[in-house]
Each structure stands twice: as structure tokens, then as C-alpha cells.
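*Asks:* dropping a prediction and its sequence here:
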Amino acid sequence: MTFNKKAALALSIVIGLFVFYITKSSQPHVSIRGHRVYIEIADTHKKREVGLMNRLSLESNKGMLFVYTQPQAIYIWMKNTHIPLDIVWINKHKEIIHIEKNTVPMSTEILAANTHAQYILEINAGLCDLYSFNKGDKVIINL
């Protein structure tokens with residue numbers, strides 16, 4: 001391989017990695033304690049109503065962020081949700097205010113925080129413990 005071909009190959013690899021990085025960085029995600037979770041956005045009544053219902057799996061670094069226009073009492077249940085989840089309530093200051101860990105799939109028990117939230121993050125059960133997410137942690141939201 002000549003020098004020009006080697007240089008072109010190296011440049012192609014660098015450009016490919018750069019494009020991959022930019023693409024990953026621009027995907028909606030939240031960061032908590034330095035851990036990034038890529039998110040789907042539920043920002044309409046219909047999307048929030050359906051949430052993660054009827055899904056059989058969720059990739060380990062993915063979740064769903066429910067976005068509300070203003071802080072309010074938010075009630076969640078696991079009806080028709082097959083995946084055990086950790087559910088994180090986040091206030092308007094983007095701080096965790098409540099966590100429900102290892103929720104029971106298909107349960108109709110109503111889950112809620114004792115204060116108003118503006119966001120709900122649903123992620124795979126066990127991630128809050130794995131990443132040591134706690135009440136009071138700051139959440140960086142990149143939509």
C-alpha cells in the first residue's frame with residue numbers, strides 16, 4: 001500500500017469515528033452521575049399514556065423520558081408493561097426527587113412521588129443501584 005493510500009485510509013477511519021461520535025452525541029440522552037442513558041421522548045399525552053407498554057425488552061443504556069410542560073403530581077403504573085423498571089421522578093430544577101426501584105411488571109399499583117415533578121425517567125430495573133442514582137442527584141437532559 002502506498003503512502004497516499006495509507007493516509008487516505010487513516011483519514012477515512014478518523015472521519016468515520018468523528019461522524020459516529022457526533023451522531024451518538026446528538027441523540028437525546030440524560031446524564032446522571034456521569035452515566036449516559038439514551039432516551040425516547042414522551043412529550044405528548046398519547047406518548048405518555050403508552051410509554052413502554054407492550055414492549056418485551058429495553059436495551060441496557062436506553063430508557064424513556066416523560067416530559068411535562070410544568071411541574072405536577074405524576075402517577076405511574078406498570079399496566080401492560082412487561083419489563084421491570086426503575087422509575088425516576090425529576091423536578092423542574094432537574095434533580096431526582098423520588099425513585100421507585102424494581103417495579104413489578106403488569107402491576108396496577110399506582111406509584112407517585114410526594115411532591116411535584118416535571119420529568120419521569122424509566123430505565124431498566126437495577127440501573128439506579130448499579131449507577132448509584134440517588135435522591136438529590138442532578139440530571140443533565142439533552143433533547
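*Replies:* It's in. Residues are numbered from 1 along each chain as shown.
*Asks:* what sits up against the longest strand along the chain?
*Replies:* Taking DSSP state E as the criterion, the chain has its longest strand at strand 62-72. Contacts to strand 62-72, defined as CB atoms under 8 Å, 6 or more residues apart in numbering, come from residues 28, 30, 37-43, 48, 51-52, 74, 91-92, 116-124, 141, 143. C-beta here means a position set from N, CA and C on the backbone, and glycine is covered the same way.
*Asks:* ok, now stretch 44-60?
*Replies:* For stretch 44-60, contacts defined as CB under 8 Å, 6+ apart pick out 41-42, 64, 66, 68, 79-83, 85, 122-124, 127.
*Asks:* cool, stretch 107-119 as well?
*Replies:* 65-68, 70-79, 87, 89-92, 94, 97-98, 100, 103, 139, 141.
*Asks:* chain neighbours aside, what residue packs nearest to the spatially most central residue of the chain?
*Replies:* Nearest to the mean C-alpha position of the chain, counting by CA atoms, centre = their mean, stands residue 63 at 3.6 Å. Ranked by CB to CB, 6 or more residues apart in numbering and with sequence neighbours excluded, the top spatial neighbour of residue 63 is residue 123, at 3.9 Å.
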